[in-house]
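J.: Return a 3D structure for these sequence lines:
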Amino acid sequence: MSLEEFLSEWNNDSPFVHVQTSGSTGAPKPMLAEKRRMLASARITNDFLGLHEGDTALLCMSLDYIAGKMMVVRSMERGLKLLTVEPSGHPLNYCQSAIDDCKIDFAAMVPMQVYNTLQVPEERERLMGIRHLIIGGGAIDDALGAELKNFPNAVWSTYGMTETLSHIALRRLSGPEASDWYTPFPSVQVSLSDEGCLVIDAPEVCPECLVTNDIAEISTQGFRILGRKDNVICSGGIKIQIEEVESRLRPFLRVPYLISKRPDPKFGEVAVLLTEDSVDEARQVCERVLPKYHLPRHYLHVDHLPLTETGKPARQQAARIAQGV
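T.: Purely as a prediction, here's the structure:
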């Protein structure tokens, strides 16, 4: 979708705009978002970050998804100057002098864009100059977090989903305020379900309480995410959180990989590692760094790991590969 197409839809007589979920846990699905709630979400973020009329925002994400649409809405709500670049893996690889000379106050990116940008000195300098950078749409691993910790300006990880019209909480990644804990916006209340999953009560952006699949911990600091309920492998009576295993392996496996699962007649379920590299090397690393009961039972080579359009692991597709379907 182009910016002109989105603005045309925004300015029509309907109180809704069409959005679609990212597809990280299943096929992307369309939904209708209320314009008034999108404006409320925009106001909440702009207030939290202290953005003012005339500040400059950079749109470098696809307008097919809520994250890109909300950057436009935030700009309209606060009177921000919106600069646009074609969505790509290197959003700061531009040469337009009008943009290159402009100080950017606010930008949103996915982790892959941030990672790529950090590899190029000129782009890294531009990234460091952004006053408020929010990162969403995927997990931020320890290595990326460590690189961002010493950034001079504010870098934030977002928590939210399409149903909450982008994020409802932020956690700081840079400076002395860096934390593993998300701070919900003042109008948002969080709690836990009986299964330990995060429950979101955000009446300004979502008409009803939303029970997520994210296993969480809540404290006076806010909340932190431990993993997804549907990413638990129940193997021989042991519960293995997929994200925890992937996190343990991240410092040692530099090639793309995913943990998935398949049914097993003896253990119920077993872990399966998918890798774009040598399965023998992956097995050696796993045997060296993982607890015995977290070890994958199967290792599969794939040419390309299954990812969504926004770069998240496509877990259901990975499970089908792991099961040989």
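J.: Spatially nearest residue to residue 170, not counting backbone neighbours?
T.: residue 156 (4.4 Å; C-beta to C-beta, 6 or more residues apart in numbering). Bear in mind the C-beta positions are built from the backbone N, C-alpha and C, glycine included.
J.: wait, residue 82
T.: residue 75 (4.2 Å).
J.: Ok, residue 277 next?
T.: residue 255 (3.8 Å).
J.: Next: residue 40.
T.: Spatial nearest neighbour of residue 40, chain neighbours left out: residue 204 (4.3 Å); criterion: C-beta to C-beta, 6+ apart.
J.: Kindly report the same for residue 108.
T.: Computed as C-beta to C-beta, 6+ apart, the closest residue to residue 108 that is not its neighbour in sequence is residue 134, at 4.8 Å.
J.: Run through the residues that contact that neighbour.
T.: 106-109, 156-158, 167, 170 (C-beta atoms under 8 Å, 6 or more residues apart in numbering).
J.: of these, closest to residue 65?
T.: Of all the contacts of residue 134, residue 65 sits closest to residue 108, with 11.0 Å by C-beta to C-beta.
J.: The stretch of helix or strand that closest one belongs to pairs with which strands?
T.: According to DSSP states H and E, residue 108 maps onto strand 106-109. Under the criterion DSSP bridges, strand 106-109 sits next to strand 56-59 (parallel), strand 132-135 (parallel) in its sheet.
J.: right, so of the ones you listed, which gets closest to residue 249?
T.: When the strands paired with strand 106-109 are compared by C-beta to C-beta, strand 132-135 sits nearest residue 249, at 21.6 Å.
J.: After the closest one, which helix or strand is next? Please name it.
T.: Counting by DSSP H and E, what follows strand 132-135 is helix 142-148.
J.: How far does stretch 188-206 stretch from one end to the other?
T.: One end of stretch 188-206 sits 10 Å from the other (C-alpha to C-alpha, to the nearest Å).
J.: Show residues contacting that stretch.
T.: The contact list for stretch 188-206 (C-beta under 8 Å, 6+ apart) reads 37-38, 40-41, 44, 163-165, 168-169, 184-185, 187, 209-216, 218, 223, 225, 229.
J.: Secondary structure class of residue 9, three-state.
T.: In three-state terms, and counting by DSSP: H, G, I helix; E, B strand; the rest coil, residue 9 is helix.
J.: what's the closest non-adjacent residue to it?
T.: residue 17 (5.3 Å).
J.: What mean pLDDT does the helix or strand containing the one you found get?
T.: Using DSSP H and E, residue 17 sits in strand 16-20. Averaging pLDDT along strand 16-20 yields 91.
J.: my read: the residue nearest to residue 9 touches residue 68, true?
T.: No - the pair residue 17 / residue 68 is not scored as a contact, 11.9 Å apart, by C-beta atoms under 8 Å.
J.: Out of the two, name the residue with the larger neighbour count.
T.: residue 68 (22 against 18; other C-beta atoms under 10 Å).
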